[in-house]
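Undergrad: Here is a sequence together with a model predicted from it:
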Amino acid sequence: MNRIDKTIFYIIVILFIAGIIFVYSASYYIAQKYTNDPYYFSIRQILFAIISFAALLLFSRLDYRNLKKYIKGLIFITIVLLIVVFIPGIGRESGGARRWIDLRFFSFNPSELAKLTVIIYLAYILTKKQGKLLNFTFGLLPPLLLVASIFFIILIQSNFSTAALLLLVTFLIFLAGGASIKHIISIIIISLPVMITFIIQVSYRKLRILSYLNPWSDINGSGYHIIQSLKSFAQGGIFGLGLGNSTQKMGILPTPHTDFIFSVIAEETGIVGAFLIGLLYLIFFIKGTLIARNCSDKFGQLLAYGITMLVVIHAFMNMGIASGIFPPTGVPLPFISYGGSSMIFMSISCGILLNISSQEYAARLNKPMHEEIDDLLEESL
């Protein structure tokens, strides 16, 4: 415990606590209305937080380098679970999307596992192929094909936001891993028509883009989500209406305890509260990037970078959607939005990140003084 990055650890703990508080505040009205129990979502959020915190502590103590041994099995399990979603009676459909495996007492979203699996796999394979990365056919293409397979399975599930996020994190890891910028740009250019096609061929996705461009053209339809979210920010002002005093969550703001929980935070705690939440994720980004930069092991370096990008992109996409910067889509706010799958796998990911920080700390302690001085001189030059 003394060797892990305490800043990241305490940020996660604060976000856990904020999640429990704001899930209760944002959900008690709809929980009372639909389940006749105002604590329905908040009690489950507490249980998710306890399980997630235990997972965080467990993986912070497991040597991240052992993940290399299980990568093939992890990929196999991930692909199988992503396909199982399509089996009637096992996979559960909700809101036109088929993303969950129904475990009766808990709905598991395998795409959350897929994000972590892809990061671990890319960190492993890019480290292994360090001498071949500038060769597209033998370096970049094999891992790209595997990621593309997972990407398309998730896309077929009508989980466009997760698929797009997965692709973005992949490109960033490629960049950090030493792949050719020319190759990465070429892949992005080729990918854009595919992404655009998947948007325009599905009516609700196309409406989301149009509503993002001009939400006031259909205030009761496609523009409703953005408008109500912006109203939450406007009503919150600088210091907010006070904890529990949001009016938008009273059946007006859609999914106030999940996708738009940041809107409730802004309404109840104001721009000040929203800024502080954003600041926590910014500090997380800085510390996570420093852990990656200071890691002497290439696998750990790419793993730390990928996990940091996963958490931060999730956070800033969610906050950007709530504030109207990005088109509306289903991206949870890490550790705060209601939901078990996302919180548990984010916690496992951050547990791995903490273990990387502790392993690097231990390596520095065991390093001879003259080598430490040489490293510092090299960094300064």
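TA: Noted; the coordinates are in hand.
Undergrad: can you give me the strands in the protein?
TA: Residue ranges of the strands in the chain, as given by DSSP state E, are 91-94, 97-102, 107-108.
Undergrad: How about the contacts made by Glu268?
TA: Going by Cβ atoms under 8 Å, 6 or more residues apart in numbering, Glu268 touches Phe22, Ser25, Gly236, Gly240, Leu241, Gly242, Leu243, Gly244, Asn245, Ser246. The way it works is simple: take the backbone N, C-alpha and C, and place the C-beta from them, glycine included.
Undergrad: pretty sure the fifth one is touching Glu267, no?
TA: Yes: judged on Cβ atoms under 8 Å, Leu241 makes contact with Glu267 at a distance of 6.0 Å.
Undergrad: Between these two, which has more neighbouring residues?
TA: Shown here are Leu241 and Glu267; by other Cβ atoms under 10 Å, Glu267 has more neighbours (30 against 17).
Undergrad: Now do the same contact list for that one.
TA: The contact partners of Glu267, by Cβ under 8 Å, 6+ apart, come to Ser232, Phe233, Gln235, Gly236, Gly240, Leu241, Ser246, Thr247, Gln248, Lys249.
Undergrad: one more time with 6 Å
TA: By Cβ atoms under 6 Å, 6 or more residues apart in numbering, the contact set of Glu267 is Ser232, Gln235, Gly236, Ser246, Gln248.
Undergrad: What sits closest to Phe48 if chain neighbours are left out?
TA: With Cβ to Cβ, 6 or more residues apart in numbering as the criterion, Phe48 has its nearest non-adjacent residue at 4.4 Å, and that residue is Gly340.
Undergrad: As JSON lines, the contacts of Glu267 with neighbour count would be great.
TA: Putting the contacts of Glu267 into JSON lines (neighbours: other Cβ atoms under 10 Å) gives the following:
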{"residue": "Ser232", "neighbour count": "27"}
{"residue": "Gln235", "neighbour count": "18"}
{"residue": "Gly236", "neighbour count": "26"}
{"residue": "Ser246", "neighbour count": "27"}
{"residue": "Gln248", "neighbour count": "25"}
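Undergrad: what distance separates stretch 129-138 from the middle of the whole chain?
TA: Its chain's average C-alpha position is 28 Å from that of stretch 129-138, according to Cα atoms, centre = their mean, to the nearest Å.
Undergrad: Of all the residues in that stretch, which ones are buried?
TA: For stretch 129-138, the buried set under the neighbour-count rule, 16 or more other Cβ atoms under 10 Å, comprises Lys129, Leu133, Phe136.
Undergrad: any idea how far the closest residue to the first one other than its chain neighbours is from Ile277?
TA: Spatially, and ignoring its direct neighbours in sequence, Lys129 is nearest to Gly139 (5.2 Å; Cβ to Cβ, 6+ apart). Applying Cβ to Cβ, to the nearest Å, one obtains 40 Å for the distance of Gly139 from Ile277.
Undergrad: where does this protein have low pLDDT?
TA: Within the chain, the ranges that satisfy pLDDT under 70 run 1-2, 94-97, 105, 361-381.
Undergrad: Can you tell me the centre-most residue of it?
TA: The residue lying closest to the centre of the chain (Cα atoms, centre = their mean) is His314, at 3.9 Å.
Undergrad: Need phi/psi at the nearest residue to that residue once chain neighbours are set aside.
TA: Once flanking residues are discounted, His314 sits nearest to Pro334: 5.0 Å by Cβ to Cβ, 6+ apart. As for Pro334, its main-chain torsions (degrees, to the nearest 10) stand at phi -50, psi 130.
Undergrad: Which single one of the contacts of Glu268 is nearest to Ile181?
TA: Phe22 (40.2 Å; Cβ to Cβ).
Undergrad: In contact with that closest one, which residues?
TA: Ile261, Ile265.
Undergrad: and it, how far is that from Tyr338?
TA: Per Cβ to Cβ, Phe22 is found 9 Å from Tyr338.
Undergrad: same check, this time on Ile4
TA: Ile4 is 27 Å from Tyr338, by Cβ to Cβ.
Undergrad: who has more neighbours, those two?
TA: Tyr338 (26 against 21).
Undergrad: List the residues that contact the residue lying closest to Phe345 once chain neighbours are set aside.
TA: Spatial nearest neighbour of Phe345, chain neighbours left out: Glu112 (4.3 Å); criterion: Cβ to Cβ, 6+ apart. Glu112 makes contact with Ser341, Ser342, Phe345 under the criterion Cβ under 6 Å, 6+ apart.
Undergrad: could the contacts of Glu267 be laid out in a markdown table, adding distance to Ile75?
TA: Output for the contacts of Glu267, formatted as a markdown table (distance: Cβ to Cβ, whole Å):
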| residue | distance to Ile75 |
| --- | --- |
| Ser232 | 41 |
| Gln235 | 47 |
| Gly236 | 44 |
| Ser246 | 43 |
| Gln248 | 42 |
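Undergrad: which one of the residues you listed is nearest Arg44?
TA: Nearest member of the contacts of Glu267 to Arg44, counting by Cβ to Cβ, is Ser246, at 20.3 Å.
Undergrad: these two touch, right, the closest one and Ala266?
TA: No: look at Ser246 against Ala266 with Cβ atoms under 6 Å: they stay out of range, at 9.2 Å.
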